[in-house]
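# just the structure for this:
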Amino acid sequence: MLKNTLGWVAAALVCGGCSQAGMVVGTAPAGLAMPEQINVVFNHNPRSRYRSPLTGEWRDGDDMEAWLIEAIDGANEEVLVAVQELSLPKIAQALIAAQQRGVHVAVVLENNYRQAWSEQRPSRLNKRERQRWHQLNRLADSDRNGTTTADEAVQGDAVALLQAANIPLIDDTEDGSSGSGLMHHKFLVIDQTTVITGSANLTSSGLHGDAGRPSSRGNVNHLLRISSPELALVFRQEFVQMWGDGPGGKQDSRFGLQKAKGSVQTVQVGNIHVDVLFSPHPRRDSNHGLNLLAEQLKAAKKSLDMALFVFSAQQLTNVLQEKVEQGVEIRLVADPGFASRPFSEVLDLLGVSLPDHTCKVEAGNQPLDQALKGVGTPRLARGDKLHHKFAVIDNKTVITGSFNWSPSAAHTNDETLLVIHSPQLAKHFTREMDRLWESAELGITPHIQRKLERQKIRCGDGATRR
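Coordinates of the predicted model:
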């Protein structure tokens, strides 16, 4: 049960043709000031260095794990955690240490990541789950001798550590259902005054990289720390809906479409307006996240920068087409793996369609008549993903959160969507965009072209819509 004493409440585009590298005109200042109450970190930041826990070698990037632990270590009263996945044992240890000094700790996870991996049998897992198990087992080999002992497995298992310390923990089946689409939130609320949120899951792949892959630097991510009791209250209200009375009990937790359907809430953080929306919403509810995104994109007058893991919402492609016709400069970098999937709107922006494995094209698919030149995919180490979900509008507004630009994010998943009106913060995200743009392959890449040719051979011209 939650304690009553804690006050619980219910740059310019240059492109001479397809598959060229992106270029940035001009360079940003080496040092950029942060807004007074907001801090942002990027795990591929070339202006910071830290020693990788995977290899022991120095690498570029902000050490987001150490940054998170520092925030948890500073907690005096309460740490609330709502994340899809938590598999970093040092984060778990920081939460346990907080509880031991009298801090109230509560954790919500996605049900697929609720079970301690050290208690699972790889032979009973599907392919994806088995790959994850082997990754975590390898990371737990603390002496790096090639064998993970039973003790090393337990000490390297974040969920097992939390369970052993009796940290209250639930997942999105606590309401008695089989779970929401995904409990995809990525936020912490500390001492009712601070919110940490962004695109990163609390995993080695999300922050540092994959075990056994020296070139891996982790999925490309960012996290924000916002100091604001008013914003913290908004996030605590979302947490309370999910938490209910905690583990066991009345099954009064609420996830997915069972939650109260909220609209955008605006909080003043210093001189910055922050708009917050939690999903999901029914498709008929006009407050849903894709409508908020469309509204923000429509407001663009000069420029739109986007760095996206998943982009599969035709509604937003239609808005981008309007913006191109109005002369707005657009840059979009998308994760290479998702960009070439049949449901990807990146393909629409490139003016092509890709049938799925049944030779069917998605219903309502509307590729642009003329390919948008400002679309590309960054070059990343094998296994790493572009996991951002951000946009910068007219160099003054930042869209961020856990919310992928997809119908699932809007209508089935538990998600966070933030719109932060701050030119100062926008400079940091523009600089990250510039970094990605420098390595981007624009247009129809060789990888996409090969997929198009294979499906052409397989499906011919007779693709049907589904």
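
# could you find the closest non-adjacent residue to residue 228?
What sits nearest to residue 228 in space, not counting adjacent residues and going by Cβ to Cβ, 6 or more residues apart in numbering, is residue 269, at 4.5 Å. No exception for glycine: its C-beta is placed from N, CA and C like everyone else's.

# and that neighbour, what are its phi and psi?
Backbone geometry at residue 269, expressed as degrees, to the nearest 10, gives phi -110, psi 100.

# and the residue nearest the centre of this protein?
residue 199 (2.8 Å; Cα atoms, centre = their mean).

# need the nearest residue in space to that one, chain neighbours excluded.
That would be residue 221: by Cβ to Cβ, 6+ apart, it lies 4.8 Å from residue 199.

# what's the neighbour count on the one you found?
A count of nearby residues for residue 221, using other Cβ atoms under 10 Å, gives 26.

# surely it touches residue 388?
Yes: at 6.7 Å, residue 221 counts as touching residue 388 under the criterion of Cβ atoms under 8 Å.

# gap between the two ends of stretch 339-348?
10 Å (Cα to Cα, to the nearest Å).

# my bad, should have said stretch 335-349
14 Å.

# in three-state terms, label residue 40 for me.
For residue 40, the assignment made with DSSP: H, G, I helix; E, B strand; the rest coil gives strand.

# distance of it from residue 221?
As defined by Cβ to Cβ, to the nearest Å, residue 40 lies at a distance of 11 Å from residue 221.

# can you give me the helices in the stretch 251-400 of the chain?
Ranges of helices in the stretch 251-400 of the chain, per DSSP state H, counting those that start in this stretch, are 289-298, 314-325, 336-339, 345-349.

# make CSV from those and add mean neighbour count to it.
Formatted as CSV, the helices of the stretch 251-400 of the chain follow (neighbours: other Cβ atoms under 10 Å):
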stretch, mean neighbour count
helix 289-298, 19
helix 314-325, 18
helix 336-339, 21
helix 345-349, 27
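
# adding distance to residue 141 and mean pLDDT, write these out as JSON lines.
Shown next, in JSON lines, are those (distance: least, Cβ to Cβ, whole Å; pLDDT from 0 to 100):
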{"stretch": "helix 289-298", "distance to residue 141": "41", "mean pLDDT": "98"}
{"stretch": "helix 314-325", "distance to residue 141": "43", "mean pLDDT": "96"}
{"stretch": "helix 336-339", "distance to residue 141": "28", "mean pLDDT": "94"}
{"stretch": "helix 345-349", "distance to residue 141": "38", "mean pLDDT": "95"}
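
# for those, which one sits closest to residue 136?
Nearest to residue 136 among the helices of the stretch 251-400 of the chain is helix 336-339 (21.2 Å), distances taken as Cβ to Cβ.

# where does pLDDT dip in the chain?
1-30, 461-466 (pLDDT under 70).

# who are the contact partners of residue 306?
By Cβ atoms under 8 Å, 6 or more residues apart in numbering, the residues touching residue 306 are 330, 331, 332, 333, 390, 391, 392.

# who does it form a beta bridge with?
With DSSP bridges applied, residue 306 shows beta-bridge pairing to residue 332, residue 391.

# any idea how far it is from residue 379?
To residue 379, residue 306 is 18 Å away according to Cβ to Cβ.

# does residue 441 touch residue 377 like I think?
Yes: with contact defined as Cβ under 8 Å, residue 441 counts as touching residue 377 (5.7 Å).
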